[in-house]
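Engineer: next comes the sequence, and after it the predicted model I'd like to discuss.
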Amino acid sequence: MINIAVLGYGTVGSGVVEVIENNRAEINKKAGEELNVRYILDLRDFPGDPYEHKVVHDVNIILEDPEVNIICETMGGISPAYEFSKKALLAGKSVCTSNKELVASHGPELLRLARENRCNYLFEASVGGGIPIIRPLNYSLTAEKIDAITGILNGTTNYILSKMAAEGADFAEVLKEAQDKGYAERNPEADVEGHDACRKIAILSSLMTGKNVRYEDIYTEGITRLTPADFAYAGAMGRSIKLLALSRNGEDGCYAMVAPFMIPVSHPLYSVNDVFNAVFVHGNMLGDSMYYGRGAGKLPTASAVVSDVVDCARHMGRTVMCFWDAEDVKLVSADKIRHRFFVRTRAELEQQAAEIFGAVDTVSAGIAGEYAFVTEKMTEKDFREKAERLDTVLSRIRMED
Ligand code: HSE
């Protein structure tokens, strides 16, 4: 029997217990042994819950029990999840986590501790919820040199953008509706400002490069400034607006970015709507592959955590290889990244725009008093300097083809 402890009996933690309960026979068969939830750590009590007798409030009961083999860390946040994970790994207990903040901040250190203590630190649920993307990058695409990852990695913002596109609604209006339905957090900042997607692309970029991509170094922009007018122009161009988290590892170096992009109908991520996530990966031999599914939610995320538990159970006493060294990657400055830019300005500034930007493609969406255009491809720095000379920039959105 393999004993498990779940740290944090919130949405994902209770989902882990539910997945193990519902799919017990299937999971035990695949793990090769019976999995047993021995403890649940939480500050709260859960009277009436079928697992209430397993709830403990002191993590040391778990850490000091030699019969606990695997920990599911579903607490979120850095502290005390970091301290608990470290102690568990030092005690030779494998840790499976959904905690992207912790993985993005301390991944290499926790992976090293796992190696040194012949156990595992697995984090399939930290990116893309239930979508298998960590395992494909780690195990399946090992014959590839991966040079590009482009993802829709945040369900909340994708839901908001899909609604804004479909209904012509305001950001604030849709955010409120998403909060009322429980899709968006009461404090939505990490999602809508792009921080959540930033941590996730930092994790994927680290796996792509085999070194450490610091999330703090990634240029990140959220969706709060998008308006119905932006979607009207996107529609007129046959495009949708998506919060893309992208990472490139080419001859010019490695860069990553999180920002809203206008993407054409031919783009594989165009039809990824609502709370769904998708990750589009390019490898030098395979070419394109795409991973799509529910990027958030109790059972999809819990299913990914339990898939890691099964992996740990299959590799007791052995560490599964994960190429993510502690050495930091020096990212190419965001200033050097090149895109075309969509720009909205006041109608009377058409001539000034032409003088500053030269050849542009004009875009019309029937909005009175405005002039909108798409620039040629240029660096971020070049664009910024030109845009500063234009008297009014109502909005600007990057284009991805
Ligand atoms: N807040 C995240 C999202 C949850 O909306 O995608 C999953 O990480």
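Structural biologist: Sure thing, it's come through.
Engineer: buried stuff in stretch 364-376?
Structural biologist: The neighbour-count criterion (16 or more other Cβ atoms under 10 Å) identifies Ala365, Ile367, Glu370, Tyr371, Ala372, Phe373, Val374, Thr375 as the buried residues of stretch 364-376. All C-beta spots, glycine's among them, are computed from the backbone N, C-alpha and C.
Engineer: show the end-to-end separation of stretch 376-383, please.
Structural biologist: 10 Å (Cα to Cα, to the nearest Å).
Engineer: next: stretch 5-14.
Structural biologist: Its start and end residues considered, stretch 5-14 measures 12 Å (Cα to Cα).
Engineer: can you list which of the buried residues of stretch 364-376 are found in strands?
Structural biologist: Here DSSP state E is the test, and the buried residues of stretch 364-376 give Glu370, Tyr371, Ala372, Phe373, Val374 as lying in strands.
Engineer: now do the contacts for the third one.
Structural biologist: Contacts were defined as Cβ atoms under 8 Å, 6 or more residues apart in numbering; by that measure Ala372 touches Tyr233, Phe342, Val343, Arg344, Thr345, Thr362, Val363, Ser364, Ala365.
Engineer: and it, bridged to which residues?
Structural biologist: Residues found in beta-bridge contact with Ala372 (criterion: DSSP bridges) are Arg344, Val363.
Engineer: quick check: pLDDT value at it.
Structural biologist: According to the predicted model, the pLDDT of Ala372 comes to 98.
Engineer: and the buried residues of stretch 364-376 as CSV, adding distance to Val306?
Structural biologist: As requested, these are arranged in CSV below (distance: Cβ to Cβ, whole Å):
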residue, distance to Val306
Ala365, 47
Ile367, 49
Glu370, 51
Tyr371, 54
Ala372, 48
Phe373, 50
Val374, 46
Thr375, 48
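Engineer: which residues in the chain form helices?
Structural biologist: For the chain, the helices defined by DSSP state H cover 11-22, 24-31, 59-63, 81-90, 100-116, 134-135, 155-167, 171-180, 189-192, 195-209, 228-236, 298-314, 350-357, 380-389.
Engineer: closest one to Glu221 among these?
Structural biologist: Comparing those by their distance to Glu221 (Cβ to Cβ), the top pick is helix 195-209, with 9.7 Å.
Engineer: identify each buried residue in the helix or strand of the chain with the lowest mean pLDDT, please.
Structural biologist: For the chain, using mean pLDDT, DSSP states H and E, the weakest element among its helices and strands is helix 171-180, scoring a mean of 94. For helix 171-180, the buried set under the neighbour-count rule, 16+ other Cβ under 10 Å, comprises Phe171, Val174, Leu175, Glu177, Ala178.
Engineer: that one close to the ligand?
Structural biologist: No - if you take Cβ under 6 Å from any ligand atom as the test, helix 171-180 misses the ligand, and the best it gets is 9.4 Å.
Engineer: what's the angle from that helix to helix 155-167?
Structural biologist: Computed with axes from the mean of the first three to the mean of the last three Cα atoms, to 10 degrees, the direction of helix 171-180 lies at 130 degrees from that of helix 155-167.
Engineer: on that earlier part again, wait, which of the buried residues of helix 171-180 is closest to Thr224?
Structural biologist: Lowest distance from Thr224 to the buried residues of helix 171-180 (Cβ to Cβ) belongs to Phe171, with 6.2 Å.
Engineer: interface residues of this structure facing the ligand?
Structural biologist: Within reach of the ligand by Cβ under 6 Å from any ligand atom, the chain has these residues: Gly129, Asn154, Gly155, Thr156, Asp191, Asp196, Gly295, Ala296.
Engineer: swap in 5 Å and give it another go.
Structural biologist: Contact residues (Cβ under 5 Å from any ligand atom) of the chain with the ligand: Asn154, Gly155, Thr156, Asp191, Ala296.
Engineer: as a markdown table, these with neighbour count would be great.
Structural biologist: Shown next, in a markdown table, are these (neighbours: other Cβ atoms under 10 Å):
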| residue | neighbour count |
| --- | --- |
| Asn154 | 29 |
| Gly155 | 24 |
| Thr156 | 24 |
| Asp191 | 26 |
| Ala296 | 23 |
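Engineer: okay, now His282: neighbour count?
Structural biologist: For His282, the number of neighbouring residues by other Cβ atoms under 10 Å comes to 17.
Engineer: if I pick the residue nearest to it when sequence neighbours are not counted, what's in contact with it?
Structural biologist: When the adjacent residues along the chain are set aside, His282 lies closest to Ala148, with 4.0 Å between them (Cβ to Cβ, 6 or more residues apart in numbering). Counting by Cβ under 8 Å, 6+ apart, Ala148 makes contact with Leu246, Ser247, Arg248, Asn249, Gly250, Phe280, Val281, His282.
Engineer: top of those by neighbour count?
Structural biologist: Neighbour-wise, the contacts of Ala148 (other Cβ under 10 Å) top out at Ser247, 27 neighbours.
Engineer: surely that residue and Val279 touch.
Structural biologist: No - with contacts defined as Cβ atoms under 8 Å, Ser247 does not count as touching Val279, sitting 10.4 Å away.
Engineer: from the buried residues of helix 171-180, which is closest to the ligand?
Structural biologist: For those, the closest approach to the ligand (Cβ to the nearest ligand atom) belongs to Ala178, at 9.4 Å.
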